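**Student:** Take a look and give me a structure for this.
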Amino acid sequence: MAKLRLKETPGTNLLVSMLIRYPELSSLSLNARAGMLTLTILLKGEVADDTCREFALYCTDYFLACRELEPSFAPLGKIGHSLMDGVTILTYEQQVDALHVTELSLFVQLVREFYAGLVGSDLLPLQEAELHAQEEIIAGILGEKETLRQEDSIVAYRDGGKVFVYNK
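**Tutor:** Sure, this is the predicted structure:
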């Protein structure tokens, strides 16, 4: 089993592991009081409103199909798009209690496929063993969600090859 980083809270380990595992993510925000996790992905340029609505429907169809096959699959979280300085900011907000690794992987894969060429990931691809190690850490922490409820709210973001985590 993958080991957690020492002297860090489960929330910090979760956010760092997610940023390492999913290089498309530019930042994460854990609001412990509200029990919400928000993922942020930057898309190159301005994405049309119609395309944003199309993406939400695209995700809805996949999540409904997954729930049809596996009723315990998490419902789709809240998807948002906004524009800042010529960059489209895609956000995905989900209750921590409903969040699972399969949902994260599906959502990021859907972003990769739908917004191909618009998603930046400035990190080198991880080796298969490292991907699995990060997924184990994420799954382990999400399996013990009660520890996340006791956390302070934190924000993590990527700057090049570095990950920074701050108390909110």
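
**Student:** drop to CA atoms for contacts and neighbour counts, all remaining ones
**Tutor:** Fine.

**Student:** Can you list the neighbours in contact with stretch 113-123?
**Tutor:** 23-25, 41-45, 55, 111-112, 160-161 (C-alpha atoms under 8 Å, 6 or more residues apart in numbering).

**Student:** buried sites along the least confident helix or strand in the chain by mean pLDDT?
**Tutor:** Every helix and strand of the chain was ranked by mean pLDDT, DSSP states H and E. The lowest is helix 146-149, at a mean of 75. Within helix 146-149, the residues that qualify as buried are Leu148, Arg149, counting by 16 or more other C-alpha atoms under 10 Å.

**Student:** which strands and helices sit next to it?
**Tutor:** The contact analysis (3 or more C-alpha pairs under 8 Å, 6 or more residues apart in numbering; DSSP states H and E) places helix 146-149 against helix 10-21.

**Student:** May I ask which helix or strand encompasses the residue nearest to Lys78 when sequence neighbours are not counted?
**Tutor:** Counting by C-alpha to C-alpha, 6 or more residues apart in numbering, the nearest residue to Lys78 once its immediate chain neighbours are dropped is Glu93, at 5.0 Å. Assigned by DSSP states H and E, Glu93 belongs to strand 87-95.

**Student:** swap in Thr40?
**Tutor:** Thr40 belongs to strand 36-44, assigned by DSSP H and E.

**Student:** Which secondary structure elements does that strand sit against?
**Tutor:** Packed next to strand 36-44, using 3+ C-alpha pairs under 8 Å, 6+ apart, are strand 25-31, strand 87-95.

**Student:** Of the ones you listed, flag the one that's most buried.
**Tutor:** strand 25-31 (a mean of 23; mean count of other C-alpha atoms under 10 Å).

**Student:** my read: the residue nearest to Lys78 touches Ala34, true?
**Tutor:** No: with contact defined as C-alpha atoms under 8 Å, Glu93 does not reach Ala34; the gap is 11.4 Å.

**Student:** list the contacts for the residue nearest to the spatial centre of the chain?
**Tutor:** Among the residues of the chain, the one closest to the centroid is Leu39, at 4.4 Å (C-alpha atoms, centre = their mean). The contact partners of Leu39, taken as C-alpha under 8 Å, 6+ apart, are Leu25, Ser26, Ser27, Leu28, Ser29, Thr91, Tyr92, Glu93.

**Student:** what's the answer for Glu24, then?
**Tutor:** Ile41, Leu42, Val108, Val119, Gly120, Ser121 are the contacts of Glu24 under C-alpha under 8 Å, 6+ apart.

**Student:** picking that back up, average pLDDT for the very next helix or strand once past the strand holding Glu93, rounded please.
**Tutor:** Proceeding N to C from strand 87-95, the next assigned helix or strand is helix 101-114, under DSSP H and E. For helix 101-114, mean pLDDT rounds to 94.
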